[in-house]
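A.B. asks: Let me see the structure of the following:
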Amino acid sequence: MEKHKIYENLLTQLRGLLTDETDLIANMANTAAVLFQHLPQLNWAGFYILHAKELVLGPFQGKPACVRIALGRGVCGTAAQTAQTQVVPDVHKFAGHIACDAASQSEIVVPMVLNGQVLGVLDIDSPVLARFDDTDKIYLEKAVTLLLANTDFSHCGA
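C.D. replies: A predicted model of the protein is given here:
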């Protein structure tokens, strides 16, 4: 199946799961599960939530992960600090990369920004070099927008 069709199906499933549910943990957990189950060649998919000046591990699928990441550190910290999606074809060439799983070769991190405020990030890793491209960026940003529109982030300062 073509990548954009996989993503369109994925977004349809997410709409069904997120509509009429606003709980932060439930929505992040279901989003991480849908991404991990439907996107090929992943070894981790999940969220980090911004608390003060560090990202703290949230719901995810995959091996245990780093619990806290400082703003500006690694791919996740860079995405949170710049409020820009980071597409990294080879994590070993990214200065300051944090290796929670030695199998990870490429990564995409999408910041969750609501009303101009970064609330956290969606982090996805792959054991395949250059796994992520512009199509992934576009659709994962849509998935984050859908999550933000259906989730109560008020206790995160939003």
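A.B. asks: what's Asp152 in contact with, if anything?
C.D. replies: Shown in contact with Asp152 (CB atoms under 8 Å, 6 or more residues apart in numbering): Thr22, Asp23, Leu24. C-beta coordinates here come from the backbone N, C-alpha and C atoms, glycine included.
A.B. asks: For PyMOL, write a command that selects the buried ones of the residues you listed.
C.D. replies: Those of these that count as buried under 16 or more other CB atoms under 10 Å are selected in PyMOL with:
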select buried, resi 24
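A.B. asks: between the contacts of Asp152, which is closest to Leu55?
C.D. replies: Nearest to Leu55 among the contacts of Asp152, counting by CB to CB, is Leu24 at 14.9 Å.
A.B. asks: Can you check what pLDDT the model gives the closest one?
C.D. replies: In this model, Leu24 is scored at 96, pLDDT.
A.B. asks: Among the contacts of Asp152, which are located in strands?
C.D. replies: Judged by DSSP state E, strands contain none of the contacts of Asp152.
A.B. asks: Filter the contacts of Asp152 down to just the ones in helices.
C.D. replies: Members of the contacts of Asp152 lying in helices (criterion: DSSP state H): Leu24.
A.B. asks: now the strands for the chain?
C.D. replies: Ranges of strands in the chain, per DSSP E, are 44-51, 54-62, 68-70, 86-88, 106-114, 117-126.
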